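[1] pasting the sequence and the predicted coordinates here, then a few questions.
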Amino acid sequence: MHIIHLGANGWLARFDDGFDDENVIRVADALGLLWADAHPGATVLIGRDARFRAAHFAKLVGQVIASYGMRVKVSADPCPTPALGWCAAHDDECVGAVMLTASENSCEYGGILVRGADGGAVSSAFLAEVDRAIPTYATKDRGAVEMADFVTPYIEGVIAFLDVDAFRFAHLKVVADPMYGGAITTVGPLLRRLGCEVSLLHAEESHDFVGIHPDPNEPWVDKCERRVVDTGSDCGIVLDGDGDRAALISDEGRLVGPQTLVPLVIRCLSMGRGATGRVVVTTATTERASRQAEMLGLPLTVVPVGFERSYEEVLEGDVLMASEEYGGICIPSHLAERDGIFACLVVLEQMAKSGLSLSELVARMAQDVGQMEYVRRDLRLDGGELQTLRNLLPGMNPRNVAGKKPERVSHLDGLRLHFSNGAWVLLRVSRTQPVARVYAEAPTYKECAQLLEAALALARDPS
């Protein structure tokens, strides 16, 4: 029997190490049991990306959950996680959704993400219940499922939010790269509906992803960067494997990654749309997001790493945008979950309305909030070392780090040290993996690297 433990969003495993029919059925069985017990006869939606056997696993999960008397709708085609979430949030009978995806992980992995009735995250308490309810053996019970289209309603919902006239007048030229993921059915048609001229990359089903990782970071975005420059496009959009995170490529062929995209979306929502509300960021999010919120007079809420904490703030209300350090951006007026496609379209809308290029928007933002270098490193430690570090972090208050005296110290999530020039470094223990994570940001790469190395040394010898 394979031991299954659910993480923060669901279950992830390699195809050659447990992600197979038997274990997928066991997880689906636990979900069906709990949902049917709480909401008999209600609806559950099942989506999938385009990776190996995703269609098979999606139908299998649906059939198992349907055996509990639930009405189950299974996506007929690959879809991004935000499309599944949007359809769940707009179906009054829906009590939850399951996405078959391993997101940005390589083609060797399969995964099951669990979402709630509002399309957002489910609680850690619910996932713990699922964990406990996973049976020893796979059930043979199956029910009937309906095949459904989750992409078209999502596209219509996104278009209704945006200034379509501005898009069509601007007629932006865009390179779209869904990286063989769930958005292969969505990003091209959506951009064309907005009047964009679209060039597609990696937009077909390919179970081995032709050697790339569906992660919108270097070096996997190289081809999109070249395509933008070679075709004279206004920008590129690169999506991760399930479309909940994204990056932009500027007209100059430069990556606009998470640490630039997050404050840029805040700016576009506030200055471009006149929207207000709190900005929610994690302790590991770029300082530029905090500066941008402050400059615009937007209240800032800082939470520990992990989107579940941000989602709790979204449920409290009055949130303009919630983001995480990896580039996941949630705009609650659209969906109570991260949506990389929508976040990028908010920026493209501002390009269309202002007549400014993406590089010009980024440059203007840098004039206001400054330029910072950001790095992250993971340090693998054994169980005893991790526990020692976890125990000692709350009491740490170093007087000097890399020759710099901290101006402020925070223990909200590990140890975060703030310095007078806006630089900071964060040392924390991962809640899901056997690693210590170190994040640093500073005005120069040299200072950033020095802070990173000093924090790594502290993690290796916290005494």
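    Right, received. Where do you want to start?
[2] my guess is V164 meets L194, correct?
    Yes - counting by Cβ atoms under 8 Å, L194 is a contact partner of V164 at 6.2 Å. To be clear about C-beta, it is placed using only N, CA and C from the backbone, and glycine gets the same treatment.
[3] phi, psi for G119 please.
    The phi and psi torsions at G119 (degrees, to the nearest 10) take the values phi 80, psi 0.
[4] do the same with S106
    phi -70, psi 170.
[5] can you tell me how far the closest residue to it other than its chain neighbours is from P299?
    Spatial nearest neighbour of S106, chain neighbours left out: H213 (5.2 Å); criterion: Cβ to Cβ, 6 or more residues apart in numbering. H213 sits 36 Å away from P299, going by Cβ to Cβ, to the nearest Å.
[6] coming back round to it: looking at V164 and L194, which has the bigger crowd around it?
    Of the pair V164 and L194, L194 is the one with more neighbours under other Cβ atoms under 10 Å, namely 25 against 15.
[7] pLDDT score for that one?
    pLDDT, L194: 98.
[8] tell me who's in contact with it.
    Taking Cβ atoms under 8 Å, 6 or more residues apart in numbering, we find L194 in contact with 159, 162, 164, 167-168, 345.
[9] most neighbours among those, which one is it?
    Of all those, the most densely surrounded is L345 (26 neighbours; neighbours counted as other Cβ under 10 Å).
[10] quick one: the helices in the stretch 101-250 of the chain?
    According to DSSP state H, counting those that start in this stretch, the stretch 101-250 of the chain carries its helices in the segments 124-133, 151-161, 164-170, 187-193, 222-231.
[11] let me have these in JSON lines, adding distance to D382 as columns.
    Rendered in JSON lines, the data for these read as follows (distance: least, Cβ to Cβ, whole Å):
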{"stretch": "helix 124-133", "distance to D382": "24"}
{"stretch": "helix 151-161", "distance to D382": "44"}
{"stretch": "helix 164-170", "distance to D382": "53"}
{"stretch": "helix 187-193", "distance to D382": "42"}
{"stretch": "helix 222-231", "distance to D382": "36"}
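[12] closest one to E313 among the ones you listed?
    If you check each of the helices of the stretch 101-250 of the chain against E313 by Cβ to Cβ, helix 124-133 wins as the nearest, at 15.4 Å.
[13] report all helices and strands that that closest one contacts.
    Contacting helix 124-133 under the criterion 3 or more Cβ pairs under 8 Å, 6 or more residues apart in numbering; DSSP states H and E are the following elements: helix 21-38, strand 109-116.
[14] please identify the most buried of the ones you listed.
    With neighbours defined by mean count of other Cβ atoms under 10 Å, none of the helices and strands packed on helix 124-133 is more surrounded on average than strand 109-116, at a mean of 23.
[15] so what's G355 up against?
    The contact partners of G355, by Cβ under 8 Å, 6+ apart, come to A170.
[16] so how far is F126 from it?
    Relative to F126, and taking Cβ to Cβ, G355 is found at 47 Å.
[17] and G157, how many neighbours does it have?
    Residues within reach of G157, counting by other Cβ under 10 Å, total 18.
[18] might one say that it is in contact with A89?
    No - in this structure, G157 is not within contact of A89 by Cβ under 8 Å, at 9.3 Å.
[19] ok, the spatially most central residue of the chain - contacts?
    When Cα atoms, centre = their mean is applied to the chain, the residue found nearest the centroid is G328 (3.5 Å). Contact partners of G328, counting by Cβ under 8 Å, 6+ apart, are 244-245, 307, 338, 340.
[20] determine which two of those are furthest apart.
    Greatest spacing in those, by Cβ to Cβ: F307 and G340 (13.0 Å).
[21] tell me where the protein is predicted with low confidence.
    Within the chain, the stretches with pLDDT under 70 are 1.
[22] mind giving me the domain ranges of it?
    10-149, 154-369, 373-460 (automatic domain parsing).
[23] just the terminal-to-terminal distance for the first one.
    Read it as domain 10-149. 23 Å (Cα to Cα, to the nearest Å).
[24] go on, stretch 94-106?
    Across its full length, stretch 94-106 reaches 31 Å between end residues, using Cα to Cα.
[25] buried ones in that stretch, by neighbour count?
    Of the residues in stretch 94-106, those scored as buried under the neighbour-count criterion (16 or more other Cβ atoms under 10 Å) are 94-106.
[26] same check, this time on stretch 2-19
    Across stretch 2-19, burial judged by 16+ other Cβ under 10 Å covers 4, 6, 9-13, 18-19.
[27] report the two of these separated the most.
    Pairwise distances among those were taken by Cβ to Cβ; the largest, 17.0 Å, belongs to N9 and G18.
[28] contacts for stretch 310-322, please.
    Contacts with stretch 310-322, where a contact means Cβ under 8 Å, 6+ apart, come from 120-121, 265-266, 269-270, 275-282, 298, 301, 303, 307, 323-324, 329-332, 336-337.
[29] buried sites along it?
    Along stretch 310-322, the positions that meet the burial threshold by neighbour count (16+ other Cβ under 10 Å) are 310-311, 313-314, 319-322.
[30] check stretch 130-144 too.
    Judged by neighbour count (16+ other Cβ under 10 Å), stretch 130-144 contains these buried residues: 130-131, 133-134, 138, 143.
[31] could I get those residues as JSON lines with distance to R26?
    Supplementary listing: the buried residues of stretch 130-144 in JSON lines, determined by distance: Cβ to Cβ, whole Å:
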{"residue": "V130", "distance to R26": "10"}
{"residue": "D131", "distance to R26": "11"}
{"residue": "A133", "distance to R26": "10"}
{"residue": "I134", "distance to R26": "5"}
{"residue": "A138", "distance to R26": "5"}
{"residue": "G143", "distance to R26": "16"}
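[32] now for those: which two are most distant?
    Pairwise distances across these peak at 23.2 Å for D131 and G143 (criterion: Cβ to Cβ).
[33] related to what we said a few turns ago, just the buried residues of stretch 130-144 now: which is nearest H202?
    With Cβ to Cβ as the yardstick, the closest approach to H202 among these comes from V130, at 32.8 Å.
[34] how close does the nearest residue to that closest one once chain neighbours are set aside sit to T444?
    The shortest distance from V130 to any residue other than its chain neighbours is 4.8 Å, reached at A30 (Cβ to Cβ, 6+ apart). As for A30, its distance to T444 is 50 Å (criterion: Cβ to Cβ).
[35] quick one on the thing from earlier: out of the buried residues of stretch 130-144, the closest to L60 would be?
    The nearest one, if we look at those relative to L60 and count by Cβ to Cβ, is A138, at 9.9 Å.
[36] report how many residues lie close to the closest residue to I249 other than its chain neighbours.
    With Cβ to Cβ, 6+ apart as the criterion, I249 has its nearest non-adjacent residue at 3.2 Å, and that residue is G236. The criterion is other Cβ under 10 Å. On that basis, G236 has 31 neighbouring residues.
[37] surely G236 touches M179?
    No - in this structure G236 lies outside contact range of M179 using Cβ under 8 Å: 11.7 Å.
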